[in-house]
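> give the three-dimensional model of this entry:
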Amino acid sequence: MINKKKLRLGGLPARHGALPTSALEELLASINKKPAELHDTHTAHLVVHHNKVLGAHLVPGLKMDVNEMKDGIRAVIKIKDGTIIENPVQICFGMLPEKGIQKILMDVNCGKNSKISIIAHCSFPNALDITHIMDAKINIEEGAEYRYFERHVHGGGGGTKVYPKAKVNLEKGARFATEFELIKGRVGLIDINYETNCGEDSSLEMTARISGYANDIIRINETGHLNGENSRGFLNSRIAVRDSARADIYNKLTASAAGARGHVDCKEIVQDKAAASATPVVEVSHPQARITHEAAIGSVDSKQLQTLMARGLSEKESVALIIRGLLK
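Got it, this is the predicted structure:
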């Protein structure tokens with residue numbers, strides 16, 4: 001019998017159900033998935049509703065130690081040295097009630113020469129006053145690769161506050177790539193804070209694609225330190241705001257080693273009474289390092305708009321298509 005307060009999962013398949021199947025079905029339906037899709041024994045998954053683990057399944061080489069807390073979970077995730085996890089791990093964090101707090105505390109370690117890709121959905125379809133806090137510590141050992149794609153699904157009420165925070169360490173030759181996407185539903189408030197230290201021959205890539213409207217607030221604070229020789233870094237933000245929404249983007253790359261290379265790229269589309277700011281910061285303290293940056297804020301491109309309208313689309317349809325292209 002599994003302890004509901006503490007769920008330990010080893011390298012062999014394991015499953016756990018803590019709430020009625022209807023709750024699992026409703027949460028998965030909000031991200032267009034069915035429970036049957038979790039039955040693939042070759043694909044690991046973890047589903048968490050508030051502070052309850054609804055389902056979990058692992059594959060050899062992947063270990064989890066999950067603790068259910070009052071307002072969320074604490075998860076220690078380890079990938080063994082040399083483990084190549086072929087199928088992307090499926091993760092779903094969410095809350096079905098209108099109000100509440102969910103804290104996800106994660107400690108991730110990717111062993112030497114391991115490789116893992118995670119697809120995470122965070123869903124709050126009925127939120128009126130929901131706070132979601134993600135606090136992660138990620139260590140990627142020599143030669144390992146960790147990819148994390150996070151898609152948020154929010155309702156139309158704008159009552160979601162999201163605080164993703166991560167401290168990431170890349171050892172020699174490690175690879176780290178993360179994508180954050182929130183382009184459907186109201187943002188509410190999102191405040192992203194990521195910091196990464198990059199060792200020799202490692203690479204960092206962080207991408208955010210967010211669309212805000214009404215009185216949504218978008219804040220991004222991403223920092224990458226290229227400390228190792230020949231390390232690479234790319235910070236990429238694609239933001240669209242309309243109505244009275246606001247976006248403030250702060251992207252920083254530092255380079256302190258020979259051969260370090262990086263680029264900061266921020267593009268924002270502003271409509272109506274919305275407002276946006278972009279602060280690309282680059283710091284170089286080695287003569288053989290190089291970092292570049294590009295930032296652009298403005299309305300939709302008039303030539304693109306005219307071209308699309310000439311092909312029969314309305315102005316509203318044309319603007320929506322241009323924004324989708326930016327956020328693709």
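> ends of stretch 284-292, how far apart?
With CA to CA, to the nearest Å applied, stretch 284-292 spans 10 Å between its terminal residues.
> leaving out sequence neighbours, find the closest residue to G72.
When the adjacent residues along the chain are set aside, G72 lies closest to K103, with 3.4 Å between them (CB to CB, 6 or more residues apart in numbering). The way it works is simple: take the backbone N, C-alpha and C, and place the C-beta from them, glycine included.
> find me the pLDDT at the one you found, would you?
Note for K103: predicted pLDDT of 98.
> residues contacting it?
Going by CB atoms under 8 Å, 6 or more residues apart in numbering, K103 touches M69, D71, G72, I73, I133, D135.
> can you check those residues and name whichever has the most neighbours?
Ranked by the number of neighbours (other CB atoms under 10 Å), the contacts of K103 place G72 first, at 24 neighbours.
> relative to G111, how far out is that one?
26 Å (CB to CB, to the nearest Å).
> ok so, going back, quick check: bridge partners of the residue nearest to G72?
Assessed by DSSP bridges, K103 has beta-bridge partners G72, I133.
> for it, give its distance to I133.
With distances taken as CB to CB, K103 is found 5 Å from I133.
> give me the spatial nearest neighbour of G156, chain neighbours excluded.
Using CB to CB, 6+ apart and skipping the chain neighbours, the partner closest in space to G156 is R186 (5.6 Å).
> surely that neighbour meets I210?
No: counting by CB atoms under 8 Å, R186 sits too far from I210 to count as a contact (11.3 Å).
> between these two, which one's more packed in?
It is I210, of R186 and I210, that has more neighbours when counted by other CB under 10 Å, with 25 against 21.
> apart from its neighbours in sequence, what residue is nearest that one?
I210's closest residue in space is L182 (CB to CB, 6+ apart), at 4.8 Å.
> how about N215?
Nearest one to N215, counting by CB to CB, 6+ apart, is S244 at 5.2 Å.
> ok, then the element right after the helix or strand encompassing R151?
Element membership for R151, per DSSP states H and E: strand 145-154. Using DSSP H and E, the helix or strand that follows strand 145-154 in sequence is strand 160-170.
> helices or strands up against the next helix or strand after that following strand?
Secondary structure here is assigned by DSSP H and E; on that basis, the next helix or strand after strand 160-170 toward the C-terminus is strand 175-182. Using 3 or more CB pairs under 8 Å, 6 or more residues apart in numbering; DSSP states H and E as the contact test, the elements touching strand 175-182 are strand 129-140, strand 145-154, strand 160-170, strand 189-198, strand 203-212.
> helices and strands around the third one, which ones?
Contacting strand 160-170 under the criterion 3+ CB pairs under 8 Å, 6+ apart are the following elements: strand 129-140, strand 145-154, strand 175-182, strand 189-198, strand 203-212.
> and the angle from the first one to strand 175-182?
This points to strand 129-140. Angle between the axes of strand 129-140 and strand 175-182 is 170 degrees (criterion: axes from the mean of the first three to the mean of the last three CA atoms, to 10 degrees).
> who's in contact with strand 129-140?
The contact list for strand 129-140 (CB under 8 Å, 6+ apart) reads 72, 93, 95, 97-110, 122, 124, 146, 159-171, 174-176, 202.
> all helices for the protein, in order.
Counting by DSSP state H, the segments of the chain that form helices are 21-29, 302-310, 315-327.
> tell me which residues of stretch 270-279 come out buried.
Along stretch 270-279, the positions that meet the burial threshold by neighbour count (16 or more other CB atoms under 10 Å) are V270, A274, A276, A278.
> dump those to a markdown table, plus distance to S314.
Written out in a markdown table, the entries for those read as follows (distance: CB to CB, whole Å):
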| residue | distance to S314 |
| --- | --- |
| V270 | 20 |
| A274 | 21 |
| A276 | 25 |
| A278 | 29 |
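> now pLDDT too, for those, in CSV please.
Supplementary listing: the buried residues of stretch 270-279 in CSV, determined by pLDDT from 0 to 100:
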residue, pLDDT
V270, 94
A274, 96
A276, 96
A278, 95
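> quick one on the thing from earlier: okay, the helices and strands packed on strand 160-170, which one's buried deepest?
Of all the helices and strands packed on strand 160-170, strand 203-212 carries the top mean neighbour count, a mean of 23, counting by mean count of other CB atoms under 10 Å.
> can you list the weak-confidence ranges in the stretch 151-300 of the chain?
Judged by pLDDT under 70, the stretch 151-300 of the chain has no weakly predicted residues.
> next up, the contacts around the residue nearest to S231 when sequence neighbours are not counted.
The shortest distance from S231 to any residue other than its chain neighbours is 4.2 Å, reached at C198 (CB to CB, 6+ apart). For C198, the set of contacting residues under the criterion of CB under 8 Å, 6+ apart consists of L170, L204, G224, H225, L226, N227, G228, S231, R232, G233.
> circling back to that earlier point, now render the helices and strands packed on strand 175-182 as TSV, adding distance to L38.
Formatted as TSV, the helices and strands packed on strand 175-182 follow (distance: least, CB to CB, whole Å):
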stretch	distance to L38
strand 129-140	22
strand 145-154	17
strand 160-170	24
strand 189-198	27
strand 203-212	26
